[in-house]
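S.K.: got a structure for you, letters missing:
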């Protein structure tokens, strides 16, 4: 399990390779990359700054990765979340899951992303023309996260 | 949309980059890589050979990619399927989906993989110690594919 | 009328060839009827088509059903359930 | 007993500082009571905590509820709903 919070860009391919190198038991690798978009709800975004709660952010992510490991038979997980100022097109977050079968890898990656969106202590501030403001939590993200609450893990 | 069937390895990172290069409307990229495993149902596999129906395979994949595009607002899709003899650890198939939001990218990637597993004209032959045989279709794959039949696309 | 038949995976191995030209006789109007007729062409065909329910077919590179009419098709393929991905 | 309070995102901006040491008075036993007390410490705090229902808290870096007791905690954090990922 690899969990990192960093200002620097990440190399998604290298992280995925690191999970599978030298192994022949992995049949499925799912990589999710979240990218800073140049507009939100139709309005342009010039940049965003990500703030986090050092210590708690790492611990929360590690706890959720552990939770994913109890729900699905995973053979590797990597989560990297960037912080600091990011421009449209910049990568924000990376989740890589490896398993024998694709269903487990897909489910775990979605689970981790849904939790990261709603429970990991990160906050986004957007710079828009003429206004800078904190991004409001999206109800759709809460709904997505809630589906795992009573889930059976399949 | 990129669809390729090839004997050569693919570069998942380069394919994902090609989808997002120069764009700022993509917020989510999901990459699925299917890998040849060194054992199946507990028995070792020395190698596998993938056969396909040239012409129909490309057409079927393109048709399913088009279908995915009508179900989810996708901003890019790449599907690459390898054929020929592959060793444990070798990549078999790549699906990359790009969208504004992660739910669409995840759903489309799973949809495409479920359909590739059950409807795309490819056949796997496994070399095991003392026996070589064609892989039987898995009921779990049919079940996974069936969930999209009456799906609402969310 | 002549049509091309393609065989894949273990259907190909059992028939012993990847493709051939055939001229189905009158009365062979559907995919299922063509399988019946092919199965009677010799031991290797009988073996390939012994369990017809598991064999899939495609007409002109589109999935077909046992009751799909073959009239007008230029290419028909027979193969086991697909195991790609 | 003294505890460290951390503020994040717009809670931090409104309070005007990222962290401070506080000594909650007797009778302040829960997260909600601590927010009430902080809100009375001045205009900037009143502004930060004006809509207490949307503010989340963590006790010693674990998510807490409004009725969670603060006794024994060394660090408490207040922040808006999270928007990572």
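M.R.: Structure's in. What do you need? Here the structure is a predicted model, which means the values were calculated and not measured.
S.K.: quick one: pLDDT of residue A:148?
M.R.: As predicted, residue A:148 sits at a pLDDT of 83.
S.K.: give me the secondary structure label for it.
M.R.: For residue A:148, the reduced secondary structure class is coil; criterion used: DSSP: H, G, I helix; E, B strand; the rest coil.
S.K.: wait, it touches residue A:111, no?
M.R.: Yes - taking contacts as C-beta atoms under 8 Å, residue A:148 lies within contact range of residue A:111: 5.4 Å. All C-beta spots, glycine's among them, are computed from the backbone N, C-alpha and C.
S.K.: more neighbours: which of the two?
M.R.: residue A:111 (24 against 19; other C-beta atoms under 10 Å in any protein chain shown).
S.K.: quickly find the element holding the more buried one.
M.R.: helix A:102-119 (DSSP states H and E).
S.K.: got it, and residue A:94?
M.R.: Residue A:94 is part of strand A:91-99 when elements are defined by DSSP H and E.
S.K.: same question, residue A:143
M.R.: Element membership for residue A:143, per DSSP H and E: helix A:139-146.
S.K.: how about the contacts made by residue 4?
M.R.: Let's take chain A. Contacts for residue A:4 were tallied using C-beta atoms under 8 Å, 6 or more residues apart in numbering or on different chains; they are A:10, A:79, A:80, A:81.
S.K.: should've been chain C
M.R.: Residues counted as contacts of residue C:4 (C-beta under 8 Å, 6+ apart) are C:19, C:20, C:21, C:22, C:74, C:75, C:76.
S.K.: reformat the residues you listed as JSON lines; add pLDDT.
M.R.: Conversion of these to JSON lines gives the following (pLDDT from 0 to 100):
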{"residue": "C:19", "pLDDT": "98"}
{"residue": "C:20", "pLDDT": "98"}
{"residue": "C:21", "pLDDT": "98"}
{"residue": "C:22", "pLDDT": "97"}
{"residue": "C:74", "pLDDT": "97"}
{"residue": "C:75", "pLDDT": "98"}
{"residue": "C:76", "pLDDT": "98"}
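S.K.: most neighbours out of the residues you listed, which is it?
M.R.: Busiest of the contacts of residue C:4 [other C-beta under 10 Å] is residue C:76, holding 23 neighbours.
S.K.: before we move on, back to that, closest to chain D out of the contacts of residue C:4?
M.R.: Chain D lies nearest to residue C:75 out of the contacts of residue C:4, by C-beta to the nearest C-beta, at 48.7 Å.
S.K.: thought the closest one was touching residue C:64?
M.R.: No - judged on C-beta under 8 Å, residue C:75 makes no contact with residue C:64 at a distance of 11.0 Å.
S.K.: can you give me the helices in the chain?
M.R.: I'll assume chain A. Ranges of helices in chain A, per DSSP state H, are A:12-20, A:56-71, A:102-119, A:139-146.
S.K.: hm, I was asking about chain C
M.R.: Going by DSSP H, chain C shows helices at C:9-15, C:31-39, C:43-48.
S.K.: of all those helices, which lies closest to chain D?
M.R.: Comparing these against chain D with C-beta to the nearest C-beta, the closest turns out to be helix C:9-15 (43.0 Å).
S.K.: count of residues packed around residue A:92?
M.R.: Quick note: residue A:92 (other C-beta under 10 Å) scores 22 neighbours.
S.K.: again with residue A:133
M.R.: A count of nearby residues for residue A:133, using other C-beta under 10 Å, gives 11.
S.K.: show the contacting residues for the closest residue to residue A:116 other than its chain neighbours.
M.R.: Using C-beta to C-beta, 6 or more residues apart in numbering or on different chains and skipping residues adjacent in sequence, the residue nearest residue A:116 is residue D:85, 4.0 Å away. By C-beta under 8 Å, 6+ apart, the contact list for residue D:85 reads A:34, A:81, A:92, A:93, A:113, A:116, A:117, A:120, A:122, A:141, B:102.
S.K.: what is the neighbour count of the second one?
M.R.: By the other C-beta under 10 Å criterion, the neighbourhood of residue A:81 contains 24 residues.
S.K.: low-confidence ranges, chain A, go.
M.R.: Low-confidence segments of chain A (pLDDT under 70): A:150-154.
S.K.: around chain D, which positions in it sit nearby?
M.R.: In this structure, chain A approaches chain D at residues A:34, A:50-53, A:55-57, A:59, A:81, A:92-93, A:113, A:116-125, A:134-138, A:141, judged by C-beta under 8 Å from any C-beta of the partner chain.
S.K.: show me the beta-bridge partners of residue A:94.
M.R.: With DSSP bridges as the criterion, residue A:94 is bridged to residue A:33, residue A:80.
S.K.: how much space between the residue of chain C found nearest chain B and chain A?
M.R.: Of all residues in chain C, residue C:84 sits closest to chain B, at 2.8 Å by C-beta to the nearest C-beta. Residue C:84 sits 13 Å away from chain A, going by C-beta to the nearest C-beta, to the nearest Å.
S.K.: that residue touches residue B:115, doesn't it?
M.R.: No - counting by C-beta under 8 Å, residue C:84 sits too far from residue B:115 to count as a contact (9.6 Å).
S.K.: more neighbours: which of those two?
M.R.: More crowded of residue C:84 and residue B:115, by other C-beta under 10 Å: residue C:84, with 28 against 24.
S.K.: ok, the more buried one - contacts?
M.R.: Applying C-beta under 8 Å, 6+ apart to residue C:84 gives the contacts B:50, B:52, B:57, B:81, B:93, B:116, B:117, B:120, B:121, B:122, B:123, B:124.
S.K.: apart from its neighbours in sequence, what residue is nearest residue A:99?
M.R.: residue A:105 is the one closest to residue A:99 (C-beta to C-beta, 6+ apart), at 4.2 Å.
S.K.: wait, the one you found sits on residue A:32?
M.R.: No - at 10.5 Å, residue A:105 does not count as touching residue A:32 under the criterion of C-beta under 8 Å.
S.K.: around chain D, pick out the residues from chain C.
M.R.: Contact residues, chain C versus chain D (C-beta under 8 Å from any C-beta): none.
S.K.: just the strands in chain C please.
M.R.: In chain C, the segments counted as strands under DSSP state E are C:3-7, C:19-22, C:56-59, C:62-64, C:75-79.
S.K.: quick one: closest of these to residue B:40.
M.R.: Residue B:40 lies closest to strand C:75-79 among these, at 20.6 Å (C-beta to C-beta).
S.K.: contact partners of the closest one?
M.R.: For strand C:75-79, contacts defined as C-beta under 8 Å, 6+ apart pick out B:53, B:56, B:121, B:123, C:3-9, C:11-12, C:31, C:34-35, C:38, C:48-49, C:55-61, C:64, C:70.
S.K.: which of these are buried?
M.R.: Buried members of those, counted by 16 or more other C-beta atoms under 10 Å in any protein chain shown: B:53, B:56, B:121, B:123, C:3, C:5-9, C:11-12, C:31, C:34-35, C:38, C:48-49, C:55-61, C:64, C:70.
S.K.: of the contacts of residue C:84, buried ones?
M.R.: B:50, B:52, B:57, B:81, B:93, B:116, B:117, B:120, B:121, B:122, B:123, B:124.
S.K.: surely residue A:24 and residue B:46 touch.
M.R.: No - the criterion here is C-beta under 8 Å, and residue A:24 misses it with residue B:46 at 10.6 Å.
S.K.: who has more neighbours, the two?
M.R.: The neighbour count for residue A:24 versus residue B:46, taken as other C-beta under 10 Å, is higher for residue A:24 (17 against 12).
S.K.: find me the pLDDT at the closest residue to chain D within chain C, would you?
M.R.: Residue of chain C nearest chain D, by C-beta to the nearest C-beta: residue C:85 (28.2 Å). The per-residue pLDDT reported for residue C:85 equals 89.
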